[in-house]
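*Asks:* what follows is a predicted structure for the sequence shown.
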Amino acid sequence: MAAVTVVPRSVLGGPSQISPSGKIRLAGIGLGGQGTENMIALQKLPEVQVVAVCDVNREGGGYLSWYWTEGNERRVSGREPVRRMIDDLYAKEQRSGQYRGCKAYTDYRELLEKEDVDAVMIATPDHTHAVVTMAALKRGKHVYCEKPLTYSVYEARQVAEAARQTKVATQCGNQGQATEAARITCEIIADGAIGQVREVQVWSGPRFWSWPTWEGRPPDTPPVPDGLDWDLWLGPAPARPYHPAYHPWTWRNWLDFGTGLLGDLGLHKLSTVFKALNLDHPVTVEASANKLSTKTYPLGEIVRFEFPARGNLAPVTLTWYDGGLKPPRPPEFDDDDVLQDVIYIGEKGKLMGTG
């Protein structure tokens, strides 16, 4: 059972508020840059009571901050900063000004065993999304997991089946879908405003995380920072010594941990494309890339997906560019027009920048 099972009425602020028994008891697992952002938002919801947080790092700097004016890697995060944040918020809502009800864990398995939670927010690195999600599903917990939901297709199929069997609510975090522009794009294309779409070009700029200056794994083995459980961070990945090139957030470069730009920013942009055009599995995939390695993702790539006809919808060629590579500039553009990152090419016209 959880340490805190009932919230005092002083927290609720009046009879019109949600009762303690009606609140969703939530735990946050993975509290780096995105995980912290998620918890900042979730703790403010009146229907949610955050009762526990979990991260393999007690406290440390260098996490991604989405506030670009602060610099990309300026955030201090980990389980203790987020626990303090949660307690401080709830303390302000109580007349006593004190609250110590949010527990902090290093191991998500211990949290799931000890805490009576209804749902979990998961924002760990990509390679542990599936294992943490599966552990929560098997205990009947509702899951919000950051994209990509899994590291591999096999994991995705296993997670989907587990969600069907346990009949809990699941959601994959994808901010690219939480916009009015994404819904309007689908409506414009469904209305036939640009005619049948046979080609889509999607691109992303250079990586916004640092790139290794050496080939292969890091040549040195610095000590593990105090408060970081490196073995737990590795999880199902092959063992190796700690290095800051992996943690706290440059793991996206590495094949064993991340999914590259296509699996990161690509999911935001491509999700709308798939919905708008009712795409399923491609029949062929062709790729070219530079700076190939057996350890890291390419520095830049062009990937072409060919999709078959779907009912009365025409076949579609979808091309992804990243690492600074871009599609050809549409001839209709003026010289000072800014090339947006999604271009739908239809028989009657083009739709740009609404992915």
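*Replies:* Great, that's in hand. Numbers count the residues shown, from 1 in each chain.

*Asks:* now residue 257, what's its secondary structure?
*Replies:* Classification of residue 257 using DSSP: H, G, I helix; E, B strand; the rest coil returns coil.

*Asks:* for it, which non-adjacent residue is spatially closest?
*Replies:* Once flanking residues are discounted, residue 257 sits nearest to residue 251: 3.8 Å by CB to CB, 6 or more residues apart in numbering. The way it works is simple: take the backbone N, C-alpha and C, and place the C-beta from them, glycine included.

*Asks:* now the one you found: how far from residue 31?
*Replies:* Going from residue 251 to residue 31 by CB to CB, to the nearest Å gives 15 Å.

*Asks:* again with residue 315
*Replies:* Separation of residue 315 from residue 31 (CB to CB): 44 Å.

*Asks:* also residue 147?
*Replies:* 17 Å.

*Asks:* looking at these two, which is more packed in?
*Replies:* Ranked by neighbour count (other CB atoms under 10 Å), residue 147 and residue 31 place residue 31 first, with 30 against 23.

*Asks:* list the buried ones in stretch 110-125?
*Replies:* Using 16 or more other CB atoms under 10 Å as the burial criterion, the residues of stretch 110-125 that qualify are 111-112, 115, 117-125.

*Asks:* equivalent analysis for stretch 231-240, please.
*Replies:* Here stretch 231-240 shows 232-235, 237 as buried, counting by 16+ other CB under 10 Å.

*Asks:* what about that stretch, start to end distance?
*Replies:* 9 Å (CA to CA, to the nearest Å).

*Asks:* can you map out the strands along the stretch 151-300 of the chain?
*Replies:* Along the stretch 151-300 of the chain, counting by DSSP state E, counting those that start in this stretch, strands occupy 170-173, 197-203, 284-290, 300-307.

*Asks:* most packed of those?
*Replies:* Sort the strands of the stretch 151-300 of the chain by mean neighbour count, taking mean count of other CB atoms under 10 Å, and strand 197-203 sits at the top with a mean of 21.

*Asks:* break this structure into its domains for me.
*Replies:* 9-173, 177-209+259-352 (automatic domain parsing).

*Asks:* make CSV out of those domains and add mean pLDDT.
*Replies:* Conversion of the domains of the chain to CSV gives the following (pLDDT from 0 to 100):
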stretch, mean pLDDT
domain 9-173, 87
domain 177-209+259-352, 91
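
*Asks:* buried deepest among those domains, which one?
*Replies:* domain 9-173 (a mean of 18).

*Asks:* quick one, helices of the stretch 51-200 of the chain?
*Replies:* Secondary structure of the stretch 51-200 of the chain (DSSP state H, counting those that start in this stretch): helices located at 79-92, 108-114, 129-138, 153-166, 180-190.

*Asks:* so what touches the third one?
*Replies:* Applying CB atoms under 8 Å, 6 or more residues apart in numbering, the set of residues contacting helix 129-138 from outside is 29-30, 108-109, 112, 120, 122, 124, 143, 145-146, 148-152, 155-156, 158-159, 162-163, 166, 168, 170, 235-236.

*Asks:* still on that earlier bit, tabulate the helices of the stretch 51-200 of the chain (CSV), appending distance to residue 265.
*Replies:* Output for the helices of the stretch 51-200 of the chain, formatted as CSV (distance: least, CB to CB, whole Å):
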stretch, distance to residue 265
helix 79-92, 25
helix 108-114, 26
helix 129-138, 17
helix 153-166, 19
helix 180-190, 14
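
*Asks:* can you tell me which of these is nearest to residue 349?
*Replies:* Closest approach to residue 349 among the helices of the stretch 51-200 of the chain is made by helix 180-190 (10.3 Å; CB to CB).

*Asks:* which other helices and strands contact that closest one?
*Replies:* Where contact means 3 or more CB pairs under 8 Å, 6 or more residues apart in numbering; DSSP states H and E, helix 180-190 is packed against helix 265-277, strand 342-346, strand 350-352.

*Asks:* dump the ones you listed into CSV; add distance to residue 219 as well.
*Replies:* Output for those, formatted as CSV (distance: least, CB to CB, whole Å):
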stretch, distance to residue 219
helix 265-277, 29
strand 342-346, 40
strand 350-352, 44
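
*Asks:* which among the ones you listed is found nearest to residue 215?
*Replies:* helix 265-277 (25.1 Å).

*Asks:* who are the packing partners of that closest one?
*Replies:* Partner elements for helix 265-277 (3+ CB pairs under 8 Å, 6+ apart): helix 180-190, strand 197-203, strand 316-322, strand 342-346.

*Asks:* can you redo those as CSV with distance to residue 298?
*Replies:* Supplementary listing: the helices and strands packed on helix 265-277 in CSV, determined by distance: least, CB to CB, whole Å:
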stretch, distance to residue 298
helix 180-190, 27
strand 197-203, 14
strand 316-322, 8
strand 342-346, 21
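
*Asks:* out of the ones you listed, nearest to residue 63?
*Replies:* strand 316-322 (22.9 Å).

*Asks:* do you know how far residue 289 is from residue 117?
*Replies:* Plainly put, residue 289 is 42 Å away from residue 117 if you go by CB to CB.

*Asks:* same question for residue 167.
*Replies:* From residue 167 to residue 117 the distance is 17 Å (CB to CB).

*Asks:* cool, residue 264 as well?
*Replies:* 28 Å.
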